[in-house]
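**Q** Need the 3D shape of this:
(chains A, B and C)
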Amino acid sequence: MKQSSDPMSSKKPFRVFRGLPQLSMLVLILIINVINSPSFFNVTIQDGRLFGSIIDVFYRGVPVAILALGMTPVIATGGIDLSVGAVIAIAGAVTASLAQTDLAGWQIISLVLMTGLACGLWNGLLVAWLGIQPFVATLILMVSGRGMAQMITEGKILTFTNPAVDFISRSAFLTVPTAIIIMLAVLLMGWVLLRGTALGMFVEATGINRVASTNVGVKTGAVLTTVYMWCGFCAAIAGLIITSDIRGADANNAGLWLEMDAILAVVIGGTSLLGGRFSLGFSLLGALIIQAMNTGILVSGFKPELNYIVKALVVLAVLCAQSPALRIFMAKLGQKRRAAS
Amino acid sequence: MKLLKMCLVVVSLVVLMAVSNVAFSADKLVVGFSQIGAESGWRSAETKVTYQEADKRGVELKFSDAQQKQENQIKAIRAFVAQEVDAIFLAPVVETGWTTVLKEAKEAGIPVFLLDRLIEDKDVDLYTSAIVSDQVLEGRLAAEWLAEATGGKANIVELQGTVGASVTNNRKKGFEEVVAQHPDMKIIHSQSGDFTRSKGKEVMESFIKAENGGKNITAMYAHNDDMAIGAIQAIKEAGLIPGKDILVVSIDGVPDIFKAMADGEANATVELTPNMAGPALDALIKFKADGVAPPKVIQTETKVYLPDTAQAEYDRRKELY
Amino acid sequence: MALYDANALLVVRGLSKEFPGVKALTDVDFTLRSGEVHALLGENGAGKSTLIKCISGVYKRDGGAVFLDGQLISPASVEEAQRLRIGVVYQEVNLLPNRSVAENLFLGRQPIRFGLVDVKTMRHKAREILRRYNLEIDVSENLDRFSVAVQQIIAIARAVDLSAKVLILDEPTASLDRHEVAMVFDVMRVLRDKGIGIIFITHFLDQVYEVTDRITVLRNGYLVGERKTAELPRIELVSMMLGRELDDKAQRVKTQLDQFGGEPVVRFQSLGKRGVVSPFSFEVRGGEILGVAGLLGAGRTETAKTIFGITPADFGEVVASGRKVSVKSPVDAVKLDFGYCPEDRKVEGIIGDLSIRENIILALQAKKGWLKPITKGEQEKLADYYIDKLKIRPADREKPIQLLSGGNQQKALLARWLATNPRFLILDEPTRGIDVGAHAEIIKLIEELCGEGLALLVISSELEEIVSYATRVSVMRDRKHIRELTGSEVTVGHIMKAIASDAKEGEHETVV
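**A** You can find the predicted model right below:
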C-alpha cells in the first residue's frame, strides 16, 4: 500500500498547523477592521464592563458561538440541527413568560434549560430511534417551534424586567461581560462532556461509520440522542442570552437564521458535514470569524447591500483555504520546491 | 287561560323580534375582511381596530384569517361573494395572482377595498379603492421633526429596515430628501437592523463605538420602533442618555415606543396607523348612501407623536397591540 | 457446444473482460436456448455478474463475440440491450417504491393522451399484464405496499413486457421465503414455456435443481463447463464450483480433538432468526476452533450476525459459561466477552478516519462505557502493545486506519477485540482480500489464539484453510446448518459432500 502512505507523509507538515487557516483568517479580518476603523481595538470600561468594538466581537458572537458549540458534535455524527433558531425563540418565549411570574431566577433558568433539553430529546428520538434523516427530523421543530413560541407570546414582543434574567447580559465578572463568561463555561462543559469522557470518540466513530460503531458495542442511538440534547441545551442558553439582551422575547425574529450562522461556524471550524473529526475550539473560532466580519462591516460604513457579498467572499476564502484539494496542491507545490532546492 | 295568554305574549314577542331582526339586518352593511394573519403586533392591532371601527358605524364584519396563505384569502373572497356581502376588505399577502378571484367579485358587483398593501398594476381596475399609508411621507416627517429639534444641525445614524424591502427604501428616501435640504445635517452611518430589536441594538452599539463612544452622534433615526427600542438600550449601556445625548426618532407608533417617550428616552415617532378600515368604511358608506365613487387611493393620516401625549397614547394603545 | 444449435438464442463465444489489475473473464463460452431456464453458477469472483453485465450492455467486452438469434450484437447501454430484447432483473428491485405499480410497469413509456399520461389506459394495460402472472392486485397502489416477491414479479413483468426474448434474473430469490420463491418459480416456468430464455443466478443449490434445465459453472473468470441439470449430480456440481476433485483420502493434519473437557465457553441451542438463518445448535469450547463452511449465500455471515446480536435471534437460547444469557444487541455480546470481526471490513469493521490507536481501543472503551474513558497514556500503551505483537505496519498508531493495507486493517480489528480480553471470537472471512504474507500471519495468529485458550468460530470460503485449523466444521447450505463434521471427518471432501447432499434428507429439520 505504498501509494496510500505518500499523501499522508505530504500531509504531515499540515498536521502541525491544524487550525492555521481559521486563525490567520481571524487575524486578517481584525487587521482589516482596524484599518477601516482605527478605534477598533480601543477598550474602555463602562459601568464596570469592558467596552469597545473588539469586545463586541466576543460579546455579540456569544449566541452563534454557543450554538456552534452545540451544533459541533451533532454535525460530527453526520447530522444537522436546523431547529436551533426555533429553540431560541421557544426558550426566549418561556424566559419572558416566566420572568413575569414570581419564580426565582434559578428556577426560571433551569426551566428554560429543561425546555431546551426537551427540544433536543425530541430531535434525538426522531433521528436515533425512528431513523428519520436529521435534516428532515429537525426541520419539523424548525417550522413548528417558532409557531409554539408565538403561541406562548401571543404574537407580541413580550417585555419584562427581572433582575435574574437581566443579570445574564447586564453584569460582568472582573469587567468581562457575563455572557462571554457563559460562553467560556459552555465551552468547558462541552469539553468535559465530550473530551473528558469517551463520548467524543463515540461521536466521531458514529459519524464516520455508524454500522461499525454499533458492531463494536457503541450505543449509537444513545450517542445521537445525547448530542441532540446537548445541542438543544446550548440553543436554550443562547435563547436566554438573546432574550436577556433586549429584555424581551421576539418570537418572530429571535434566532431567525442563526442556525445557518452556527452551521457555517462549525464548517469554518473544520468539521465536515459528512461527520467525523470535530473540534469545539475551532468551531468557536469559526463563530468569532463570522462575528468579527459582522462587527467590522457595521463599523466600516459599507452599504448594507454589500454586507452579504463581503460575508460570502470571506466564507468562500476560509473554506477554500481548508479544502483538501488545495492542501494536496500546496503539498505538491512544497515537494516540487524541495526537490528543486 | 292564563297560560294561553302567556303563550300568546311569548309568540308575539318572538315574531316581533324576528321581524325587527330582519328589518335591522336588511339595512345593516355587511363587510367581509380577509386579513393576512397575525404575524406582527401591528397586524393584530389592525384587526382589532377594524372590528372597533365597524362596530362604531354599525357595520357587520365577517372576518377571515388567512394565516399568510394566498389560497386561504382566495377561498375567503369566494365565500364572501357567495354570501353577497356589501363590500370586501382585503389585506393582500402577495401582489400577484388576484385577477380571477377579483373579477368574480367585480361581476357580483361587490366593491373591494385594499388595506395597507397594493396589488400588481394590471389588476388596478379590479378593486375600488386602496387605503395605504405614505411611507415616503413618514420618512420626511421624521426628518422634518429632527431638523426642527436640532436647528438643522445634526450627525445622524440611521437604522434601516430589511435590505431591499419597499418600506425600507421609501422611509429612507423620504428622510434623505429632507436631510439634503439642510447642509449641516449629515447621515454619518446607515446600516440594516432587520426591523428587529436585537439587531437594532447590535448595530447601534457598533455605531457608538465607531463614533468616539457615541459622542459624535446627535441623533438616531430608525425605520421602525422596535429597532429604536433596541438602540435605546445600546445607548444606555454605553453610558449615554437616550433622548438627550442622542435624540431618538422612529416610525410605526407601537406602544413600547410611547412608553419610552413617556420615560424621556425617545423623542418622536411617526405613526403608521393601524386604522386602515376607518377610511375604507367611510368611503363605503358614502358610496352606498350617495353613490359617490371613492377615490382610487386613500392616504391614511400620517402624524408625528411627541412625548407630551405619550402616556395617554400608551394607555390607549396597549390594549390594541 | 453447438453454435448451430437449432434452439440457440443467445450465444457467447470467447468472451474476455479485463479490469485494471484483474482479468474478470477469460475466453468464456455460454449458450442460452429458447425455452430453458439456465443456471449460471460460481463462487465469489467467478465472473457471473461480469458476464451478465457484458451481455446486458453495462460493460463493453474486451474480446469475443455475442450472438442473439445468430446476429452479432454489442449493446453499448442497458437501453440498447432492452431494445435488443434482453432484460435484467436484479436482487434489489430496481423500481421506484413510491410510485404506483402501473407507473412502474410503464416507466419511461407511459401511454400519452393529449400530452398527459393516460392513467386510465395505463392502469388497464397494467392489470392485463399482471393477470398473465396470476397477479390480481390494485395497480394504482404504490409499489412498496407489496411484498418483495410481488415486487420481483412486477420487475420481471416489466422486463418481459419490454423485451420478451432473453430474461436475466440476478439472485431474484435471495430475500424471499419459500412460498414467495414458489411464486417466482411459477412465473419463470410460464415464461419458459412461452419460449423465453432465462438466465438464473442463485446461491441456493436446491433452487437450481428445482427449476433449471441446464447449468453453466464459472470459476475465477473461466468456464468450467455446461451440463444438463438432470444429469449433473450435486457433488459434482459442488466440485465444479469449488474447483477440487473429491478426495476422501486427503488426510487431516490436525489430529488433536475431543480433548476439551469441561464447560463449553458458549453453547447455542436452536438459535435462529426467521427468514435469515434456520435454528442451529452447537457449542464452542476454549482452545477450540469451530469452522463454518458453505457456499456463498449459504447463511454463514447471517449465523455470525445472529450470534453477535446484530440481527438478534427470534428463538433459541445462548448459554455462556454455563449461564443462560440473551444477546439482543452487540452491546450485550460485548458484555459477554464476545468479539466479532466482520467479513466486510471496510463497511462494518473499521472506522476509517480514526487512528489505529482509536480503532484498537474502541471496543474496550465501548465495553467500559463512556463515563470511564481510557486515558491517552493507556490508549497509547495498548495500541503500541498490539501494533508490536501483531506486527501492524506501518507502526504509527496515529495513522488513520483507512490508509492501512487490508491485512493490517484485519490485524488492527483483531487487536481491537483482543484488547477487550474476549472469551469467544467470531472471525468472518479473516483472510479475504489479504495479501499472501499477511495471510500466513493471520492464520498463525488464529492458531496462537486458539492455543491461548480462546474459543473461536471462523467462517471461511477457503476449505483447505478451514480444514487446517478447525477442530470441527459446521457445514451450511441454503441458510441451514446441515452437518457438523468432527474428528477425521474434517476434510475438504467431506465438506463438499455435505454441501452437495440432497436437501430432502434434512427437510424435516426445517422450522423456518
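
**Q** low-scoring pLDDT stretches of chain B, where are they?
**A** The model of chain B has pLDDT under 70 over residues B:1-26.

**Q** Helices along that one, start to end?
**A** B:2-27, B:41-56, B:70-82, B:99-107, B:135-150, B:166-180, B:197-210, B:225-237, B:255-262, B:277-290, B:310-317 (DSSP state H).

**Q** Which parts of the stretch 51-200 of chain A are helices?
**A** A:53-76, A:84-99, A:105-128, A:134-153, A:163-170, A:178-194, A:199-208 (DSSP state H, counting those that start in this stretch).

**Q** and the first one, how far out from the chain's middle?
**A** What that stands for is helix A:53-76. 4 Å (Cα atoms, centre = their mean, to the nearest Å).

**Q** Any idea which residue is closest to the centre of the chain?
**A** All of this is about chain A. The structure's chain A has its C-alpha centroid closest to A:A68; by Cα atoms, centre = their mean the separation is 1.3 Å.

**Q** meant chain C, my bad for not saying
**A** Nearest to chain C centroid, counting by Cα atoms, centre = their mean: C:G297, 3.5 Å.

**Q** And the pLDDT for that one?
**A** C:G297 carries a pLDDT value of 80.

**Q** next one: the one 10 residues further on
**A** On pLDDT, C:I307 comes in at 96.

**Q** got JSON lines for the helices of chain B, with mean neighbour count too?
**A** For the C-beta atoms, the positions are set from N, CA and C on the backbone; glycine is no exception. Below are the helices of chain B laid out as JSON lines (neighbours: other Cβ atoms under 10 Å in any protein chain shown):
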{"stretch": "helix B:2-27", "mean neighbour count": "9"}
{"stretch": "helix B:41-56", "mean neighbour count": "18"}
{"stretch": "helix B:70-82", "mean neighbour count": "18"}
{"stretch": "helix B:99-107", "mean neighbour count": "16"}
{"stretch": "helix B:135-150", "mean neighbour count": "20"}
{"stretch": "helix B:166-180", "mean neighbour count": "19"}
{"stretch": "helix B:197-210", "mean neighbour count": "27"}
{"stretch": "helix B:225-237", "mean neighbour count": "26"}
{"stretch": "helix B:255-262", "mean neighbour count": "24"}
{"stretch": "helix B:277-290", "mean neighbour count": "18"}
{"stretch": "helix B:310-317", "mean neighbour count": "16"}
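
**Q** Indicate which one of these is closest to A:D47.
**A** Closest approach to A:D47 among the helices of chain B (Cβ to Cβ): helix B:225-237, 7.1 Å.

**Q** on that earlier part again, identify the residue spatially nearest to the residue nearest to the centre of chain A, adjacent ones excluded.
**A** A:A265 (3.8 Å; Cβ to Cβ, 6 or more residues apart in numbering or on different chains).

**Q** Sketch out the low-pLDDT regions of the chain for me.
**A** Here I'm looking at chain A. A:1-17, A:337-341.

**Q** That was the other one, I meant chain C.
**A** For chain C (pLDDT under 70), the answer is C:1-5, C:93, C:163, C:175, C:245-262, C:436, C:502-512.

**Q** and with 50 instead?
**A** Scanning chain C for pLDDT under 50 picks out C:1-3, C:249-258, C:506-512.

**Q** ok so, going back, could I get the helices of chain B as JSON lines with distance to A:A321?
**A** Listed next are these as JSON lines, based on distance: least, Cβ to Cβ, whole Å:
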{"stretch": "helix B:2-27", "distance to A:A321": "73"}
{"stretch": "helix B:41-56", "distance to A:A321": "45"}
{"stretch": "helix B:70-82", "distance to A:A321": "45"}
{"stretch": "helix B:99-107", "distance to A:A321": "52"}
{"stretch": "helix B:135-150", "distance to A:A321": "43"}
{"stretch": "helix B:166-180", "distance to A:A321": "35"}
{"stretch": "helix B:197-210", "distance to A:A321": "27"}
{"stretch": "helix B:225-237", "distance to A:A321": "34"}
{"stretch": "helix B:255-262", "distance to A:A321": "45"}
{"stretch": "helix B:277-290", "distance to A:A321": "57"}
{"stretch": "helix B:310-317", "distance to A:A321": "53"}
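
**Q** Select, out of those helices, the one closest to C:R189.
**A** Of all these, helix B:70-82 comes closest under Cβ to Cβ, at 54.7 Å.

**Q** what angle do that closest one and helix B:99-107 make?
**A** Helix B:70-82 and helix B:99-107 meet at an angle of 20 degrees, taking axes from the mean of the first three to the mean of the last three Cα atoms, to 10 degrees as the criterion.

**Q** when you scan helix B:70-82, is anything in it near chain A?
**A** No - applying Cβ under 8 Å from any Cβ of the partner chain, one finds helix B:70-82 out of contact with chain A, separated by at least 15.9 Å.

**Q** what's next to that helix, contact-wise?
**A** If you take Cβ atoms under 8 Å, 6 or more residues apart in numbering or on different chains as the criterion, helix B:70-82 is touched by B:32, B:34, B:36, B:62, B:64-66, B:88, B:90, B:92-94, B:97, B:101-102, B:104-105, B:108, B:110.

**Q** Against chain B, how distant is C:I198?
**A** 53 Å (Cβ to the nearest Cβ, to the nearest Å).

**Q** after the strand or helix carrying that residue, next one along is what?
**A** Taking DSSP states H and E as the definition, C:I198 sits inside strand C:197-201. Note on strand C:197-201: by DSSP H and E, the next helix or strand toward the C-terminus is helix C:205-211.

**Q** For that next one, list the C-alpha coordinates in PDB.
**A** The C-alpha coordinates for helix C:205-211 follow below in PDB (Å, rounded to 0.1, in the frame of the first residue of the first chain):
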ATOM      1  CA  LEU C 205     -28.500 -25.300  -4.800                       C
ATOM      2  CA  ASP C 206     -31.900 -26.700  -4.100                       C
ATOM      3  CA  GLN C 207     -33.400 -24.000  -6.300                       C
ATOM      4  CA  VAL C 208     -31.000 -24.900  -9.100                       C
ATOM      5  CA  TYR C 209     -32.300 -28.400  -9.000                       C
ATOM      6  CA  GLU C 210     -35.900 -27.400  -8.600                       C
ATOM      7  CA  VAL C 211     -36.300 -25.000 -11.600                       C
END
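
**Q** immediately after it, which helix or strand?
**A** Toward the C-terminus from helix C:205-211 - assigned by DSSP H and E - lies strand C:214-219.

**Q** which residues are contacting that following strand?
**A** Here strand C:214-219 has contacts from C:28, C:30, C:33, C:36-43, C:46-48, C:51, C:208, C:223-229, C:232, C:237, C:240-241, C:243, using Cβ under 8 Å, 6+ apart.

**Q** Do me a favour and get the backbone dihedrals for the residue nearest to the spatial centre of chain B.
**A** In chain B, the residue lying closest to the centroid (Cα atoms, centre = their mean) is B:P274, at 3.4 Å. Main-chain torsions, B:P274, degrees, to the nearest 10: phi -80, psi 0.

**Q** now swap in C:P233 and tell me
**A** phi -70, psi 150.

**Q** Could I get the full set of helices for the stretch 351-500 of chain C?
**A** C:356-368, C:376-389, C:406-418, C:436-451, C:463-469, C:492-500.

**Q** closest one to A:L111 among these?
**A** Nearest of the helices of the stretch 351-500 of chain C to A:L111, taken as Cβ to Cβ: helix C:356-368 at 34.8 Å.
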